[in-house]
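[1] Give me the fold of what follows.
(3 chains)
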Amino acid sequence: MKNFSQSLIRLLLLVGTISLAPYSHAARIGDISETNLLEQAIRFFSLADPALRYALIGSILLGVGCGLLGGFIVVRRMALVGDALSHAVLPGVAIGFLWNMSKDPVAIFIGATVAGLFGTMVVSWIKETTRLKEDTALGLVLAAFFAIGICMVTMIQRLPSGNKSGIDKFLFGQAAAIGSRDVQLIALVTGLSVLVVVVFYKELLVSSFDPGFARVAGFPVRALHYTLMLLLAFSVVVALQAVGVVLVSAMLITPAAAAYLLTDRLHRMLWISSLVGMFAGVLGAFFSFLKPNLPTGPFMVLGATTVFAGAFLFSPKHGVVVHWWKFRSRGARVKRENTMKGIYHVLEDHAFNGEGVELTELAQKRRVTLEEARIEARELVRHGMATLNNEDTTLFLTPEGWHRASSIVRNHRLWELYLTNEAQIAADHVHEDAEKIEHVLGDEVVRQLERRLSYATQDPHGKKIPSWEEVRERGNRATRQERPLGYNRHE
Amino acid sequence: MPLWQECDLIWSFNVMNPSEIPLPLEIHDLTVSYQKKPVLWGIDLEVPAGKLIGIVGPNGAGKSTLIKAVLGLLPHSSGWVKIFGKPPRENARRVGYVPQRESVDWDFPVTVMDVVLMGRYGHLGLVKRPTSKDRDIARECLDKVKLLPFANRQIANLSGGQQQRVFLARALAQESDLYFMDEPFAGVDAATESAIITLLHELKGRGKTLMVVHHDLPTARNYFDMLLLLNMRVVAFGATEEVFTYDLLQKTYGGRLTILSEVADAVRQRG
Amino acid sequence: MSELLPPFDFQKVIVAPWTEGLGTTGWVALMGFFVTAACGLVGNYLILRRMALVGDAISHSVLPGIASAFLFTQSRSSGIMFLGALLAGVVTTLLIELIHKKSRVKQDSAIGIAFTSLFAIGVIMISLFASKIDLDQECVLYGEIGFVPFQPMMQLFGWQVAPTPVAVMGAVMLGTLLLLLLFYKELLVSSFDAGLASSLGINATAVHYSLMCWLSIVVVSAFESVGAILVIAMLILPGATASLLSYRLPSIHALTLLHAALSSILGVHLSFWLDCSTAGAMVVMGAVLFTLAWLLSPGQGLVGRWLRQRKQRLEAPPELMETVNAR
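    Numbers count the residues shown, from 1 in each chain, chains lettered A, B, ... in the order given. Next comes the predicted model:
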């Protein structure tokens, strides 16, 4: 790790002087035995080395292609299909190699694609004809095909010509081994993926979101599924050189999952995912270039994972830390809850007809100016409790907001009832106290209060106490059903 | 009228007796089985146009299966289905579909507007993108289900009732003549339910035919013009007042009808 | 081509391993059996719990655990390695749950992200500190039972029992068997229905994590001989084959052991014939056994299914006929 941090520090120093970097170094990447890290980094950024240029262009294109397809893989819940596919190609790689005993990219491409697709077909056969579940079928095919591949690779390595073939580079990837024909192949596959996604975006969107509906509307869902699988197989195969069999699936899943946390629209997700993939590709190529014998794949994967971790923690909408930060301050929370209570009261005045609340009405209820009400409303929007209409005049609670609003009103009224019933305090004196305590009552206490009050439905002022069912009902965000995977979504 | 519809008309006039307008839905001897076990058995059905039809029956009676088989989402082992006189796939644009809410992933990165626009996709054909006219139609449909202010929300940020209405708006945007709806009232609050049923009646008023899977017997009587009582086969199909009788319901629900007593009350109340 | 595929010499492939090199062959086959049996038994519960791919994830992510154990102790001491792997296994499980519960990322993606990242860290550690970690990249992927040192023998009560790695693996296998027998009830109930388990006073979470821990231990002890990826095959193939042949858990366990024995012995022969990776050959034979079961299983087999389909047409169930008649 020490080497590592050193190289990072040097890298930072270097960034400023990159443009002045010295240029040509003729040595091929593979030949370097002991070189200064700084020198290597400079060589990387000077792009003087043709082999390096191929590696870099190849990695960038791969990142884009994998990121793009990965977007669909993630939303269709086929993440592990990519994993199985990438392992299942290994026997095909070996057969492609045996074709004319060389690493002919085209032969390997064809062999690997056929093997990968055959593997995914076996998965669906197993699923259709036995009671084995999808995860078992995937794991089974993945490992069995991989074992066949390993047997063949070890047999090839035994051959005199196979020994120095470098076929083992397919396992972890070596971007430096990418040649001009590989780059052409990668460019072709990435170009094809981009083309298909651009042309059939609408069809892919609807068939990924709701395959049943798409079929009824007359779209060839099955054909789209197979097109996607074919492209996926292509990308996995061309990515083998650079990323390696084991980690290809990460290039499909991780950038897309990061993008999934950063946006709520599919087309933006695809853009972000491609960019993250590209970034990871460059990073992987760079680090594996620094020292001989460093594999590319793992660095690409870690690059992508870093972005994912960033998104997981700091995504503006779904980030864990951001979420925590937003909900940290108690004073602000009490204020928000009071706004929501106001909204609830307005809705109650309308007997819950209609879902929106006019800001003017809210301002009246809360006894604040319209401008103040608007600020309060924006605060709710910022916390995902509500949305505003385009004219900024009407506020709509989200399920989360509904849940909070009705819970707070419920707490308030239960407490008032408790004070009048149990503590014998006059009904007109309980409001102030309830105002304070409504924000701090925990679930446990509320349940006990309710039991104590024998599930009363009216508060001392004759208003209805929202029942627990109502609180839950209104807050019922679509349940996160766990269908583990979505392999044959067209069925 | 779009070109394809005109072609359809000319075609149908050529083939058939012009006086005989094809029924929205004809099913003949439809049998669907799941791993050798039949789920639907010998279904024969002729559905008249312009009706709001409820499909009721106990759990596992094959209500959803019927819809899915008719739409070609499930293979059937015998029989045929015709929609407006043609196999379903050839008339895809005249069919609207509201699947069960659980059938999709609501975390999917699309907005309410995106989903409703999907209703227009069938009219666009392959490759073409939605136009501003399609957007206007989608916006209109959203307004009809009172979801216009929610157009830009991601679909996970909706309550159950709102999600159901998004599906409904999408079906409206399809501008079809025959609708299939799979439990549109499941997990929906009372206010939404009555809003939906009003909308369905309005659609019927415009000559559309609607087939709705419904699981709540007491309300079924008030909601629908016609009822299809289903339990693996068609127990009865006819006008609600004729079919909603104790005997037929008993036959549909068999012995397991604890709610039958409720229904019996309902029937008795009706006199 | 001909030089790749050696001719099938009965004497050399079938007989010689047992007459000439009995010592080595025997130990290799026994080692294979222990690995496959231990993995297969734990794997049964992974399949039942639909967690086969969590097994996949853990088998990948023990790598950084092992690599860091190497790095800190500079030795192959099994104790530390077990500890490292155990830690890695628990971290993987927690990471998957963290990602999938705290964000909207689905479980399949969470698994994919967690294990590829950990595996990548492991590979980088190995290649950065190659001189300090006595593991090469290929060995990580597919291991090699044939190269596991079979000398010196382990001494027990003055007897030469077995080579150390075989003895360790055997102990792990017996431990697995013992744990399954002891906690059969808990495992069964919590795998079938976690809710029911809690109502019966069984802590399903504890069972879950114990299973994951034990899985890590089994995986790490199998690691040296079969590598990270073939372990998945050992975890899933025996159980999957067994569950095609039987519906009852005890007989599934028995069939798992049978599958383990057959696949390791046949695998040894295959590797003798083709002169290829022994572990790979064992898995290939395991896959062949699975395919046979898939084709010929009495209940779910493809052949039986095809025959039945030809024989009988769809028949209406009796209860339906009653209602039709009643009409």
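
[2] Spell out which residues belonging to the stretch 101-250 of chain B are near chain C, please.
    Within the stretch 101-250 of chain B, the residues that sit near chain C (CB under 8 Å from any CB of the partner chain) are B:107, B:156, B:231-233, B:235. (Glycine included, C-beta is placed from N, CA and C.)

[3] how far away is residue B:201 from residue C:250?
    According to CB to CB, to the nearest Å, residue B:201 and residue C:250 sit 59 Å apart.

[4] Which one's more surrounded, the two?
    Shown here are residue B:201 and residue C:250; by other CB atoms under 10 Å in any protein chain shown, residue B:201 has more neighbours (14 against 9).

[5] Would you mind confirming that that one is in contact with residue B:52?
    Yes - between residue B:201 and residue B:52 a contact is recorded at 6.5 Å, counting by CB atoms under 8 Å.

[6] quick revisit: just the buried ones from the residues of the stretch 101-250 of chain B next to chain C?
    For those, a burial check counting by 16 or more other CB atoms under 10 Å in any protein chain shown picks out B:107, B:156, B:231-233, B:235.

[7] Select from those residues every entry located in helices.
    Among those, none falls in helices (DSSP state H).

[8] what about residue A:121, which SS state?
    helix (DSSP: H, G, I helix; E, B strand; the rest coil).

[9] same question, residue A:354
    When classified by three-state DSSP, residue A:354 comes out as coil.

[10] contacting residues for it?
    Taking CB atoms under 8 Å, 6 or more residues apart in numbering or on different chains, we find residue A:354 in contact with A:347, B:146.

[11] Enumerate every residue touching the residue minimising distance to the centre of chain A.
    With distances taken as CA atoms, centre = their mean, the residue of chain A nearest its centroid is residue A:257 (1.6 Å). Going by CB under 8 Å, 6+ apart, residue A:257 touches A:74, A:79, A:308, C:105, C:109, C:112-113.

[12] If we use 10 Å, what do you get?
    For residue A:257, the contact set (CB atoms under 10 Å, 6 or more residues apart in numbering or on different chains) comprises A:70-71, A:73-74, A:79, A:250, A:269, A:273, A:276, A:304-305, A:307-308, A:311-312, C:99, C:103-106, C:109-110, C:112-113.

[13] Pull up the overlap in contacts between residue B:201 and residue B:52.
    Each of B:210, B:223-225 lies in contact with both residue B:201 and residue B:52 under the rule CB under 10 Å, 6+ apart.

[14] Narrow those to those in strands?
    residue B:210 (DSSP state E).

[15] By mean pLDDT, which helix or strand of chain C comes out lowest?
    Least confident helix or strand, chain C: helix C:318-326 with a mean of 46, by mean pLDDT, DSSP states H and E.

[16] send the alpha carbons of stretch B:181-195 over as PDB?
    The C-alpha trace of stretch B:181-195 is given here as PDB (Å, rounded to 0.1, in the frame of the first residue of the first chain):
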ATOM      1  CA  MET B 181     -58.000  -4.200 -16.200                       C
ATOM      2  CA  ASP B 182     -56.400  -6.500 -13.700                       C
ATOM      3  CA  GLU B 183     -57.600  -5.600 -10.200                       C
ATOM      4  CA  PRO B 184     -57.500  -1.900 -10.600                       C
ATOM      5  CA  PHE B 185     -59.100  -1.400  -7.200                       C
ATOM      6  CA  ALA B 186     -56.500  -3.400  -5.200                       C
ATOM      7  CA  GLY B 187     -54.900  -1.400  -2.500                       C
ATOM      8  CA  VAL B 188     -56.700   1.700  -3.400                       C
ATOM      9  CA  ASP B 189     -58.500   4.000  -0.900                       C
ATOM     10  CA  ALA B 190     -62.200   4.600  -1.100                       C
ATOM     11  CA  ALA B 191     -62.000   8.000  -2.700                       C
ATOM     12  CA  THR B 192     -59.800   6.700  -5.500                       C
ATOM     13  CA  GLU B 193     -62.000   3.700  -6.000                       C
ATOM     14  CA  SER B 194     -65.000   5.900  -6.700                       C
ATOM     15  CA  ALA B 195     -63.000   8.200  -8.900                       C
END
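
[17] who touches the nearest residue to residue C:183 once chain neighbours are set aside in this structure?
    Spatial nearest neighbour of residue C:183, excluding adjacent residues (CB to CB, 6 or more residues apart in numbering or on different chains): residue C:207 at 7.6 Å. Shown in contact with residue C:207 (CB under 10 Å, 6+ apart): C:45, C:49, C:183, C:186-187, C:189-191, C:194, C:197.

[18] neighbours of residue C:307, just the number please.
    Neighbours of residue C:307 under the rule other CB under 10 Å: 11.

[19] picking up where we left off before, got the buried ones among the residues of the stretch 101-250 of chain B next to chain C as CSV, with distance to residue C:128 columns?
    Listed next are those as CSV, based on distance: CB to CB, whole Å:
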residue, distance to residue C:128
B:107, 38
B:156, 42
B:231, 68
B:232, 66
B:233, 70
B:235, 73
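
[20] Which residue ranges of the chain form strands?
    Since no chain was named, I'll use chain A. Here chain A has its strands, by DSSP E, at A:356-358, A:386-388, A:394-397.

[21] my bad, chain C
    For chain C, the strands defined by DSSP E occupy C:153-156, C:159-163.

[22] Lowest average confidence across those, which one?
    Lowest mean pLDDT within the strands of chain C: strand C:153-156, at a mean of 58.

[23] where are the low-confidence patches of chain C?
    Counting by pLDDT under 70, the ranges of chain C that qualify are C:1-5, C:8, C:11-13, C:15-23, C:75-78, C:130-162, C:309-327.

[24] what about the residue nearest the centre of it, distance to residue C:44?
    Closest residue to the average C-alpha location of chain C: residue C:235 at 2.1 Å, with CA atoms, centre = their mean. According to CB to CB, residue C:235 stands 9 Å off from residue C:44.
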